[in-house]
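Novice: just need the structure, nothing else, for what follows:
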Amino acid sequence: MSVVESFKPAPSTGAPSPSTPSYRADIDGLRAISILLVVTFHSRTGPFSGGFVGVDVFFVISGFLITGLLFREACARGTISLAGFYARRIRRLLPLSVLVLVSTVIVGFVLLPPIDHAALLADARSAALYIANWRFAGQATAYSDTGPSDSLFVHYWSLSIEEQFYLLWPLLILVVTNLLARRGRSLRPALLGVMAGLTMISLSLSIILTRSQGSAAYYATHLRIGELAVGAGIALALPWVRHMPRRTANVSGALGMAGIVAAAVLFRASMPYPGSAVILPVVGSALVLASGTAHPTWVSRVLSLRPLPALGRVSYGWYLWHWPAFGVAQLLLPEDASSQTTTLATAAALTTSLGLAILSYHLVEQPVRRSRRLVASPRASLATGLALTLFAVGAITLPGRLMRDAPAEAAAADGGVVAAVGGFSLAMTPQQARADRVRGMDGCHVGVASTTVRDGCVFGARDGARTIALIGDSHAQHWFPVLEELARQQGWRLLAWTKSACPVIDVPIYYGKLKREYTECAEWRRNLIRTLASHQRIDLIVVGRIAGYKELVLDASGDRLPESGVEEAWAAGATRTFAHFVRVAEKVLVLEETPSATFDVPSCLSGSPQDPSACAFPSTGRVDRDAILVAAERAVAPPGVAFGDLTDALCPSDPCPVVTRDGLIIYRDSNHMTTAFSLTLIGVLQGLLTPLVAG
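Specialist: Next up is the predicted model:
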């Protein structure tokens, strides 16, 4: 059988438009559903805790449309015009992508503190070169834990995967087409086999690697390519799909849409993803596409209702604009913004980004895509793409070069004194303070999704005669460097297990980023108790925590308790927790909350490097913030439970300084200590611990 099969060649203008007979309004309607899921997920509004699956729907649609276009061309011509294909992709995607990139860099430079400019440019550069997914995978940046103000370009990860797909996919189809043409064999079955193989390999890797690779798995091309291959498989299976009975098509479409919606409602941002969970939205998307191809179904008719296709046609622009719009809204909000103000800002960002998407569709996307000169000349389109890319990279690189010429940066690079301020030398840059995180816990501190309390979390003198266990949240973790050093000096054995945003006191906690009860914390806590009990002797348990839990305690019905009810609930939880602790340890030391600023300290210092006192903060309202929790704990503390207050070590005067007289920056953000500063407290902490351990 010849490689040529009975398909019409693709339109010369590229992807089908609403004016062409092959246009399917239901596909644009499905795009609208996808973008609505994504933007509501990112805005943290509505019931779609798994709205991130909208991106998976986009992937399946892309695989379906692009493979169909390439296959029809291969069948009609016996080959594929790579120049023509890349020219169409450039006209469709690049102008708006570059516009959003450059606009966001400009706004980011105005709104972000100087310390964040280098990261802004690096993120933008990776987005301009379509390798953003690998940049964020390399940073193990958890998608669920990343907000727009953390990176204004993290949403480019999915666009990067699509561009990598567009680069390689036509080459793959061209190679298969040429091989089969020489052998006189049919193209369709061969490509279906290739797509099936890619799907199985990618899905298998996703299932195997998602848990072990953690956040990096979310962005990995090889774990996502199977989603595009599923869409490709539907495009190649059209002759069989078209014979689907009408009733089967209606049922398939309904099941497919139900699968997408179920994933969006039931999935949680903290779950390992993609993994096997990705099957539900991907298969759902494939069923919707296939059923709509066979017959006009109930689902395809709903998706074709006028507002949805109209929204779907601007979905690309809305996707690009919405994330930086959310970021700008967050950056403009004050630290103490009320929930009502935050909601209004989110609504404004949604509206503004949609307006920008509509404007850019009519003023940028369509004029460039339909330009007669560019359509007639693939070479001109390719040249335009190269020029736009060079422009974007140049616009991103120039500010970075200017930054590297700055005197403070040069001093830091030389390892010398950064700045002389207030009669003493600043011994570290704000950038160094930001990066001065706790090192060496290697899986003994876990993030939001994990409930593991792993074995082997032993530090200090591993065979020491005395054993100390450090437990709690990230405010316990930031005591780890000084405790580890103290354990080495004193010959103590140190155990350490901490979990982000998770107190050890046995109370149900609400977690804002998950928008629900933090059940992962409760499970980790239970595992922690079992692990502590498995150790034969613990001389001292050291507990650390942040103060913010007083606003997050839940009642039996899952509602947040008012402040008047928190002390009683916390006391009941502390009673249960302390009972476990005193059974496994001789003594317990609860470290009360340390003072914290209302702003990011390194950011403030990067804007006022010559005057650290400008970033000092009043002690009023910033010390003893956990007074309710401490009072509850003290009221029920059994013999053997002691309390330690290190407020004076961090805030010896009012206002509280953020830089020591030795030039060390105290905080790496608004509330976590830098490792360099924490190590200066070894004498203070030794004074607290030694009597308890010795006793």
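Novice: show me which residues of the biggest helix by length in the chain are buried.
Specialist: For the chain, the helix that runs over the most residues, judged by DSSP state H, is helix 82-111. Neighbour counts over helix 82-111 (16 or more other CB atoms under 10 Å) mark 84-102, 104-105, 107-108, 111 as buried. (Glycine included, C-beta is placed from N, CA and C.)
Novice: and stretch 684-695, by the same measure?
Specialist: 685-686, 688-689, 692-693.
Novice: with stretch 531-543 instead?
Specialist: Result for stretch 531-543 [16+ other CB under 10 Å]: buried residues 531-532, 538-543.
Novice: over to stretch 389-398?
Specialist: Buried residues in stretch 389-398, counted by 16+ other CB under 10 Å: 389, 392-393, 395-396.
Novice: next SSE downstream of the longest helix of the chain?
Specialist: Next helix or strand after helix 82-111 toward the C-terminus (DSSP states H and E): helix 117-128.
Novice: residues in contact with whichever helix or strand comes after that next one?
Specialist: Downstream of helix 117-128, the next assigned helix or strand under DSSP H and E is helix 132-138. Helix 132-138 has contacts (CB atoms under 8 Å, 6 or more residues apart in numbering) with 122-123, 126, 143, 146, 151, 153-154, 156-161, 215-221.
Novice: using CSV, write down the CA coordinates of helix 132-138.
Specialist: Only the C-alpha atoms of helix 132-138 are listed here, as CSV (Å, rounded to 0.1, in the frame of the first residue of the first chain):
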residue,chain,number,x,y,z
ALA,A,132,11.8,27.2,31.1
ASN,A,133,10.5,23.7,32.1
TRP,A,134,14.0,22.4,32.6
ARG,A,135,15.0,25.5,34.6
PHE,A,136,12.2,25.0,37.1
ALA,A,137,12.8,21.3,37.1
GLY,A,138,16.4,21.9,38.0
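Novice: tilt between the helix or strand just after that helix and helix 82-111?
Specialist: Downstream of helix 132-138, the next assigned helix or strand under DSSP H and E is helix 156-183. If you take axes from the mean of the first three to the mean of the last three CA atoms, to 10 degrees, helix 156-183 sits at 170 degrees to helix 82-111.
Novice: buried residues, helix 156-183. List them.
Specialist: Buried-residue list, helix 156-183, by 16+ other CB under 10 Å: 156-166, 169-170, 172-174, 176-177, 180-181.
Novice: which elements pack onto it?
Specialist: Judged by 3 or more CB pairs under 8 Å, 6 or more residues apart in numbering; DSSP states H and E, the packing partners of helix 156-183 are helix 54-77, helix 82-111, helix 117-128, helix 132-138, helix 187-213, helix 221-236.
Novice: can you list contacts of whichever helix or strand comes after the fifth one?
Specialist: From helix 187-213 onward toward the C-terminus, using DSSP H and E, the following helix or strand is helix 216-219. Under the criterion CB under 8 Å, 6+ apart, residues 133-134, 136-138, 140, 142-143, 157, 161, 206, 209-210, 223, 272-275 lie in contact with helix 216-219.
Novice: weed out the non-buried ones from these.
Specialist: Buried, going by 16+ other CB under 10 Å: 133-134, 136-137, 142-143, 157, 161, 206, 209-210, 223, 272-275, out of the contacts of helix 216-219.
Novice: out of the residues you listed, which is nearest to Pro281?
Specialist: Pro274 (9.5 Å; CB to CB).
Novice: could you measure from the residue nearest to the closest one when sequence neighbours are not counted over to Gly226?
Specialist: Distances taken as CB to CB, 6 or more residues apart in numbering put Ser206 closest to Pro274, at 4.9 Å, once the chain neighbours are dropped. From Ser206 across to Gly226, the span is 7 Å (CB to CB, to the nearest Å).
Novice: repeat that for Ile131.
Specialist: According to CB to CB, Ile131 stands 20 Å off from Gly226.
Novice: start to end distance for stretch 364-373?
Specialist: 15 Å (CA to CA, to the nearest Å).
Novice: now that stretch: buried residues?
Specialist: 364-365, 368-369.
Novice: with stretch 22-36 instead?
Specialist: Here stretch 22-36 shows 24-36 as buried, counting by 16+ other CB under 10 Å.
Novice: got the contact list for that stretch?
Specialist: Contacts for stretch 22-36 (CB under 8 Å, 6+ apart): 11, 16-18, 54-55, 57-58, 61, 64-65, 260, 285, 288-289, 292, 299-305, 307-313, 315, 318-319.
Novice: can you select the buried ones among the residues you listed for me in PyMOL?
Specialist: If you want just the buried ones from those in PyMOL, going by 16+ other CB under 10 Å, the selection is:
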select buried, resi 11+16+54+55+57+58+61+64+65+260+285+288+289+292+299+300+303+304+308+309+311+312+313+315+318+319
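Novice: just the contacts of stretch 22-36: which are in strands?
Specialist: Members of the contacts of stretch 22-36 lying in strands (criterion: DSSP state E): none.
Novice: so how many other residues sit close to Trp323?
Specialist: Using other CB atoms under 10 Å, Trp323 has 24 neighbouring residues.
Novice: distance of it from Gly84?
Specialist: Relative to Gly84, and taking CB to CB, Trp323 is found at 31 Å.
Novice: what of Gly565?
Specialist: For Gly565 relative to Gly84 (CB to CB), the value is 68 Å.
Novice: check what pLDDT Ile546 gets.
Specialist: At Ile546, the pLDDT value in this model is 89.
Novice: quick one: contacts for Ser81?
Specialist: So Ser81 contacts 73, 378 (CB under 8 Å, 6+ apart).
Novice: state the distance from it to Arg88.
Specialist: The gap separating Ser81 from Arg88 is 10 Å, by CB to CB.
Novice: point out where the stretch 51-200 of the chain drops to low pLDDT.
Specialist: 140-149, 182-184 (pLDDT under 70).
Novice: could you rerun that using 90?
Specialist: Counting by pLDDT under 90, the stretch 51-200 of the chain contains low-confidence ranges at 74-80, 109-110, 112-119, 136-151, 176-188.
Novice: care to break this structure down by domain?
Specialist: Following automatic domain parsing, the chain resolves into domains at 25-401, 441-598+618-653.
Novice: who wins for proximity to Leu426 among these?
Specialist: domain 25-401 (13.5 Å).
Novice: and the closest one, how far from the chain's centre?
Specialist: Mean-position distance between domain 25-401 and its chain equals 16 Å (CA atoms, centre = their mean, to the nearest Å).
Novice: also stretch 606-619?
Specialist: For stretch 606-619, the distance to the chain centre is 30 Å (CA atoms, centre = their mean).
Novice: can you show me the CA trace of that stretch as PDB?
Specialist: Coordinates of each C-alpha in stretch 606-619 appear next as PDB, following Å, rounded to 0.1, in the frame of the first residue of the first chain:
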ATOM      1  CA  SER A 606      18.800  45.300  48.500                       C
ATOM      2  CA  GLY A 607      16.900  48.600  48.100                       C
ATOM      3  CA  SER A 608      18.700  50.200  51.000                       C
ATOM      4  CA  PRO A 609      22.200  48.700  51.100                       C
ATOM      5  CA  GLN A 610      23.800  51.700  52.700                       C
ATOM      6  CA  ASP A 611      21.300  52.000  55.600                       C
ATOM      7  CA  PRO A 612      20.300  48.700  57.200                       C
ATOM      8  CA  SER A 613      18.500  50.600  59.900                       C
ATOM      9  CA  ALA A 614      15.900  51.600  57.300                       C
ATOM     10  CA  CYS A 615      14.800  47.900  57.400                       C
ATOM     11  CA  ALA A 616      14.600  47.600  61.200                       C
ATOM     12  CA  PHE A 617      11.000  46.800  62.400                       C
ATOM     13  CA  PRO A 618       9.100  47.800  65.500                       C
ATOM     14  CA  SER A 619       9.000  45.100  68.200                       C
END
